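Enquirer: Sharing a model prediction with you, sequence too.
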Amino acid sequence: MSEFSISPATNSLRGAIRVPADKSITHRALMLTPLLLGETRIENFLDSETTRATLNCMRAMGAEIVEQDAATLIVRGKGLHSLQEPRDILYCLGSGTTIRLLAGICAGQHFLSVLDGTPALKRRPMGRIVEPLKQMGATILARDNDRFPPLVFRGGNLRGIEYALPVASAQVKSAVLFAGLFADSPTTVHEPAPSRDHTERMLRALGVRVENLSSTTVQLFPSPVSRPPSPIVIPADFSSAAFFIVAALLVKNSELCLENVGLNPGRTGLLDALTRMGANVQIENQRVENNEPIGDIVVSATELRATQVGGGEVPRMIDEFPIFAVAATQVVGETRVRDAQELRIKESDRVATVAQELRKMGAQIEEQEDGFVIAGPTKLRGARVNAHNDHRLAMSLAVAGLLAEGETIIEGWECVADSFPNFSELLLQVSR
Ligand code: S3P
């Protein structure tokens, strides 16, 4: 287990940086482009532990993916029905996105496939995908009454369904839509609130008919993934930018520009919450590439005040609560997060682990069933903390360490490789 030690920021954070490519979009590009007939160039893909897991699983089903250089992949797609039975278990590591999205693809294949992963992944709930995929006609077996990995598939002969998701989840929505590609009739998915729509945008870019019937209902018409795209250029990951956004807001006199960041409306809830708190955040160079909105985020240090987060904002900032909690410890007033039970089933139980670790640094944070109550401002103090095998918790604790008095040591630092392998180098670069 590796450790990362961080001292309080002595300088402001300055400069223009590019954080690594979007994890969600990289996973989707790796899964969908092998289903095209023709070659796709994927530029600026995220090379991380979790996206490598997806790449390896796709290769194991016969996908031809060539690594041209450190940031570029060439995918030689062989068509919608070109995947082959893997010889071995498809190992998804600890990646929820890999297992849930691949489940949608495996459900559509006539062959046998088994999806499994690390002990942490084996604890993540899979009933939410097994249920709709079975309704579509796939044969699926899973451990503990069809609830946990491994997942065993013998798919094919799917029918389109109309399905209402019990929770807003882009992973579940995507699994059902992926399976819908292989079905004999349209598939309709209703969500209780909008979640990220990278899948819908990429499918449309690849020529599949996907229609929004409302802000929470999407319908997919089974059709070949037909349009050979111009290169897919993957923007920087908003969720990785989030650590630097919050750090620049909180470290005095900072001004940072985060370039080329994906601004999918299903991802930018943190910006809305921070704006309510008084943050000085501007978006420049807004444009659309590969159907995704992107822009440069310019942020400067600001005095913030507390806010409340709940309801439909939660899925729009679902991965940002660990870093949001760090921000909340520094602002005047009581910050409340509600309706965020989903945090308990992420890479760690983020309600429990965020509260437990930030408390070690002196934060006043109360755990609730569906969120937190955080009283601020608190002068944090450096401590020995643990990442709980959760990359976003690890990086949030590093930002907390920048704001603390004394040294902070983060145990289990290696998990940052899941999404942001060069986090510490970039942090050093902007704080020199
Ligand atoms: C993701 C969706 C979210 C998010 C995860 C990535 C995706 O999960 O937390 O990090 O790429 O679709 P849920 O759909 O389970 O909320």
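Expert: Received it, and whenever you're ready, just let me know what you need.
Enquirer: Just the element for the residue nearest to residue 74 when sequence neighbours are not counted, please.
Expert: Spatial nearest neighbour of residue 74, excluding adjacent residues (C-beta to C-beta, 6 or more residues apart in numbering): residue 66 at 4.5 Å. Backbone N, C-alpha and C define where each C-beta goes, glycine included. Using DSSP states H and E, residue 66 sits in strand 64-69.
Enquirer: about what we covered before: which ones are touching the residue nearest to residue 74?
Expert: By C-beta atoms under 8 Å, 6 or more residues apart in numbering, the contact list for residue 66 reads 73, 74, 75, 76.
Enquirer: what sits up against the helix or strand containing residue 281?
Expert: Element membership for residue 281, per DSSP H and E: strand 280-289. The contact list for strand 280-289, computed with C-beta under 8 Å, 6+ apart, reads 233, 235, 245, 249, 257, 263, 271, 274-275, 293-302.
Enquirer: Any buried residues in the strand holding residue 66, and which?
Expert: Of all the residues in strand 64-69, those buried under the rule 16 or more other C-beta atoms under 10 Å are residue 65.
Enquirer: Partner strands of that strand, with direction?
Expert: With DSSP bridges as the test, strand 64-69 is paired with strand 72-78 (antiparallel).
Enquirer: Next SSE downstream of the partner strand?
Expert: Strand 72-78 is succeeded, C-terminally, by strand 90-91 (DSSP H and E).
Enquirer: Can you give me the neighbour number for the closest residue to the ligand within the stretch 1-150 of the chain?
Expert: The nearest approach of the stretch 1-150 of the chain to the ligand comes at residue 24, 3.3 Å away (C-beta to the nearest ligand atom). Counted with other C-beta atoms under 10 Å, residues neighbouring residue 24 total 28.
Enquirer: helix or strand for it, which one?
Expert: helix 23-32.
Enquirer: what about burial for the contacts of strand 280-289, which qualify?
Expert: Taking 16+ other C-beta under 10 Å as the criterion, what is buried in those is 233, 235, 245, 249, 257, 263, 271, 274, 293-302.
Enquirer: Now do the same for residue 224: its pLDDT.
Expert: With respect to pLDDT, residue 224 has a value of 82.
Enquirer: Now do the SS call for it.
Expert: Following DSSP: H, G, I helix; E, B strand; the rest coil, residue 224 is assigned to coil.
Enquirer: distance of it from the ligand?
Expert: Residue 224 is 23 Å from the ligand, where distance means C-beta to the nearest ligand atom, to the nearest Å.
Enquirer: So what's the residue count around the nearest residue to that residue once chain neighbours are set aside?
Expert: Among residues not flanking residue 224 along the chain, residue 80 sits closest, at 5.3 Å (C-beta to C-beta, 6+ apart). Neighbours of residue 80 under the rule other C-beta under 10 Å: 19.
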